[in-house]
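Participant: Whatever this is, show me its structure:
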Amino acid sequence: MFTADLTGFDYAVLAILVVSILLSVSRGVVREILSLVSWIVAFMVANSFAAGFAPMVPSTIGGESLRILLAFIALFLMTLIVMGLVTMLTSALVQTVGLGFTDRFFGSLFGFIRGLVVVLVIVLAAGLTAVPQEPFWRKAVLSKHLEAAAMVVLPWLPQDLSRRIHYAELKRKQ
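Facilitator: Below you'll find the predicted structure:
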């Protein structure tokens, strides 16, 4: 693969991967994983307790649905803040114990995987459009490999969505 053969699509994919890896190396795997867990926990807490906290929102604010939404947002943000503090403390502990290199090495692996997931989501979304028929996509070095990876994921997507995703090269071969 020579850089002269790469298209804008290839460069965009490589840029996403490099940025994701660099972010994860700078933050470390502990911080990255705890950050991801924080978003999941914040959603679960807000989803579980929003209706119970809605009566605490002033009744002068709109209807019940709006109060539940505001309670959800408040709980979500408060949980993210608390989890952010836990993440910072845990990350500082990892650095203090001397696991910084290991944390950053595994952070790079995490970043690579996250970058691939982001690219795969973009490729799946593009499969819903005519973008895969565009020259910049068809001539790309990485597009065929990413389309093949997207086809592997299709069985795990909702059937109504997966049947709408198409890639010209793979259709001709099948």
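
Participant: Only C-alpha atoms from now on, for both contacts and neighbour counts.
Facilitator: Fine.

Participant: so what's the most centrally placed residue in the chain up against?
Facilitator: Nearest to the geometric centre of the chain sits Val118, at 5.6 Å (Cα atoms, centre = their mean). Going by Cα atoms under 8 Å, 6 or more residues apart in numbering, Val118 touches Ile16.

Participant: Mind telling me what element it is part of?
Facilitator: For Val118, the host element (DSSP states H and E) is helix 100-126.

Participant: Figure out how far that helix is from the centre of its chain.
Facilitator: Distance of helix 100-126 from its chain centroid, counting by Cα atoms, centre = their mean, to the nearest Å, is 9 Å.

Participant: For that helix, list every residue counted as buried.
Facilitator: Within helix 100-126, the residues scored as buried using 16 or more other Cα atoms under 10 Å are 100, 103-112, 114-116, 118-120, 123-124, 126.

Participant: per-residue pLDDT, the closest residue to Val29 other than its chain neighbours?
Facilitator: Distances taken as Cα to Cα, 6 or more residues apart in numbering place Gly107 nearest to Val29, at 3.8 Å, with adjacent residues excluded. For Gly107, the pLDDT comes out at 94.

Participant: Please determine how far Gly107 is located from Val94.
Facilitator: For Gly107, the distance to Val94 (Cα to Cα, to the nearest Å) stands at 13 Å.

Participant: before we move on, what about Tyr167?
Facilitator: 45 Å.

Participant: Mind checking which of those two has more residues around it?
Facilitator: Tyr167 (24 against 18; other Cα atoms under 10 Å).

Participant: The more buried one contacts Glu147, correct?
Facilitator: Yes - Tyr167 is in contact with Glu147 according to Cα atoms under 8 Å; the separation is 6.9 Å.

Participant: tell me the contacts of Pro55?
Facilitator: So Pro55 contacts Arg67 (Cα under 8 Å, 6+ apart).

Participant: should've said Glu32
Facilitator: Glu32 sits next to 24, 107, 110 when contact means Cα under 8 Å, 6+ apart.

Participant: Could you do Thr129 as well?
Facilitator: Ile165 are the contacts of Thr129 under Cα under 8 Å, 6+ apart.

Participant: What is the three-state secondary structure of it?
Facilitator: Under the three-state scheme (DSSP: H, G, I helix; E, B strand; the rest coil), Thr129 adopts coil.

Participant: That one and Ser20: what is the separation?
Facilitator: Counting by Cα to Cα, the separation of Thr129 from Ser20 is 25 Å.

Participant: With Val123 instead?
Facilitator: Note on Val123: its distance to Ser20, by Cα to Cα, is 17 Å.
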